[in-house]
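> what would the 3D arrangement of this be:
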Amino acid sequence: MELGKEYFGPLWKYVASPDITDIDYNGSEVWLTNIYNERFQVSPSYVKEHITPAFVEQFTQRISNLVSRQFNKRFPELEAETPELRVTILHESVARTGRSISIRKTPPIVRLTATKALEENFCSREVLSLLINCVLTKMNLIFCGMPGVGKTECAKFFSQYIPANERVITIEDTMELRYSRTNPGKDCIEMKVSEDTFTYSDAIKSSLRLNPKWIFVSEVRSREVKYLLESWSTGVRGMTTLHTDDVRNVPDRILSMLESRTDADRMENDIYQALDVGILIRKKKREDGLVYRYIDQVCFYLREGGENQTVMMVQDGAYVLKKLPEQLSGRFKRAEIINPFICNVLEQELAGKEG
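Have a look, this model is predicted:
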């Protein structure tokens, strides 16, 4: 499904701009977010003149017709996807400030690169090496942070280091990972879920019959986390994202998603056995006013000797623990990684860029 200029009218110039990632209309104002993580308002005079009630109604009707969905008080949410966009519209009966429109770009590209990560202080060379080595060691990674901080983009970046012959299954309700297009030539199955016909839980169960080496769930929000943890406990590896502001809160956040107290009591130990690495991403404003993203926390989840531990490795972007626990060192050694803080794959990649 492709949407052209005729669909977006006065919003098209923002949709077409390579520098804009999000376009949000709240019923009276248009706000934009760019690739530099800056958020700013469109001129009120332009909005008043061009984003008229007639245009909003026309745009809504076109999207409604495109996806063959009703849009009214009974069905107040409307969504549509293209290969590079996600459009969400909320009816004024639930969006009391007025009918709202959100357009998010989901292009099949990975904006974050190793060179960019180092140049823009996303993380240090040692942290980058450690995390790539975690992928090469086949650890399970969970990316944390608040909405819009770049969790999915970070997951897309680190997923590039999975070997081509290891089958990856991605599970999403909105297609954002685009693994098959950002990793051409690699073995991948992309699943799209829906609340009515094919849920996250259905997809995770089905994926285990497809010989996966990795299962990516774009975001864990509810009881599907139980099935994801169970799949990881079988030896399948994976990555996912979660909304929280501290990696130490991850186990409790997962427990709160489970359906019953019995599940929570039984699965607390399973969480520490299935999860390996927690990564928290934050935004910070520089002195020049620009906002940038960076890795604030890295931790390891361990269960050893009948005890659950969250071992902090990075806090406030800096190392707080220089020496890895023996349990982790052993995993790296079995993967033939002698020094986890030096990554040969990364060094070769950076040398190639410099050359």
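> and the longest strand anywhere in the chain, C-alpha only, in PDB?
Looking across the chain with DSSP state E, the single longest strand is strand 291-304. What follows is the C-alpha trace of strand 291-304 in PDB, where atoms were taken according to Å, rounded to 0.1, in the frame of the first residue of the first chain:
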ATOM      1  CA  VAL A 291      18.900  16.600  22.000                       C
ATOM      2  CA  TYR A 292      20.900  13.400  21.600                       C
ATOM      3  CA  ARG A 293      20.400   9.800  22.700                       C
ATOM      4  CA  TYR A 294      22.800   7.700  24.700                       C
ATOM      5  CA  ILE A 295      23.100   4.400  26.500                       C
ATOM      6  CA  ASP A 296      22.600   5.300  30.200                       C
ATOM      7  CA  GLN A 297      22.600   1.900  31.800                       C
ATOM      8  CA  VAL A 298      23.700  -1.700  31.000                       C
ATOM      9  CA  CYS A 299      23.100  -4.500  33.400                       C
ATOM     10  CA  PHE A 300      23.300  -8.300  33.500                       C
ATOM     11  CA  TYR A 301      20.500 -10.500  35.000                       C
ATOM     12  CA  LEU A 302      21.900 -13.600  36.700                       C
ATOM     13  CA  ARG A 303      20.600 -16.500  38.700                       C
ATOM     14  CA  GLU A 304      23.300 -18.300  40.500                       C
END
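> which parts of that strand are buried?
Residues of strand 291-304 classed as buried: 293, 294, 295, 296, 297, 298, 299, 300, 301, 302, 303 (neighbour count, 16 or more other C-beta atoms under 10 Å). Every C-beta, even on glycine, is put in place using the N, C-alpha and C of the backbone.
> wait, which of these is closest to residue 111?
Among the buried residues of strand 291-304, residue 293 lies closest to residue 111 (C-beta to C-beta), at 10.5 Å.
> check whether that closest one really touches residue 150, as I assumed.
Yes. Under the criterion of C-beta atoms under 8 Å, residue 293 lies in contact with residue 150, with a separation of 4.8 Å.
> anything in contact with each of these two?
Both residue 293 and residue 150 are contacted by residue 281, under the criterion C-beta atoms under 8 Å, 6 or more residues apart in numbering.
> any idea which element residue 266 lies in?
Taking DSSP states H and E as the definition, one finds residue 266 inside helix 261-274.
> tell me which element residue 190 falls in.
With secondary structure defined by DSSP H and E, residue 190 is part of strand 188-192.
> partners of that strand, with directions?
In its sheet, strand 188-192 lies beside strand 168-172 (parallel), with partners assigned from DSSP bridges.
> quick one: contacts of stretch 54-74?
The set of residues that contact stretch 54-74 without belonging to it, under C-beta under 8 Å, 6+ apart, is 1, 3, 7-11, 25, 75, 78-80, 87, 89, 91, 93, 99, 101.
> after the longest strand of the chain comes which helix or strand?
Following strand 291-304 in sequence, per DSSP H and E, is strand 307-315.
> what about the next helix or strand after that next one, average pLDDT?
The C-terminal neighbour of strand 307-315 among helices and strands, as given by DSSP H and E, is strand 318-319. Model confidence over strand 318-319, given as mean pLDDT, is 89.
> repeat that for stretch 50-64.
Taken as a whole, stretch 50-64 carries a mean pLDDT of 95.
> equivalent analysis for stretch 73-93, please.
Average pLDDT, stretch 73-93: 92.
> residue contacts, the residue nearest to residue 161 when sequence neighbours are not counted?
Spatial nearest neighbour of residue 161, excluding adjacent residues (C-beta to C-beta, 6 or more residues apart in numbering): residue 135 at 4.5 Å. Taking C-beta under 8 Å, 6+ apart, we find residue 135 in contact with 141, 158, 159, 161, 162.
> tell me which residues of the helix or strand harbouring the second one are tucked away?
Think residue 158. Mapping residue 158 onto the secondary structure by DSSP H and E places it in helix 151-159. By neighbour count, with 16+ other C-beta under 10 Å as the criterion, the buried positions of helix 151-159 are 151, 152, 153, 154, 155, 156, 157, 158, 159.
> which one of the buried residues of strand 291-304 is nearest to residue 342?
Closest to residue 342 out of the buried residues of strand 291-304 is residue 298 (16.3 Å), distances taken as C-beta to C-beta.
> distance of that closest one from residue 222?
Going from residue 298 to residue 222 by C-beta to C-beta, to the nearest Å gives 26 Å.
> can you give me the helices in the stretch 51-200 of the chain?
Remark: helices of the stretch 51-200 of the chain, listed N- to C-terminal, are 53-67, 114-119, 125-136, 151-159, 179-182, 200-207; assignment by DSSP state H, counting those that start in this stretch.
> quick check: which of those is nearest to residue 307?
helix 125-136 (21.9 Å).
> quick check, residue 22 in a helix?
No. According to DSSP: H, G, I helix; E, B strand; the rest coil, residue 22 belongs to no helix; its state is strand.
> residues in contact with it?
The contact partners of residue 22, taken as C-beta under 8 Å, 6+ apart, are 32, 33, 102, 103, 104, 105, 148.
> point out where the protein drops to low pLDDT.
1-4, 260-265, 353-355 (pLDDT under 70).
> contacts only, for the residue nearest in space to the middle of it.
Centroid-nearest residue in the chain, with C-alpha atoms, centre = their mean: residue 152, separated by 1.9 Å. Contact criterion C-beta under 8 Å, 6+ apart gives 143, 176, 177, 218, 219, 241 as the residues in contact with residue 152.
> which of the three states applies to residue 239?
Secondary structure of residue 239, reduced to three states by three-state DSSP: strand.
> what residues are up against it?
Taking C-beta under 8 Å, 6+ apart as the contact definition, residue 239 lies against 140, 141, 142, 143, 155, 158, 159, 214, 216.
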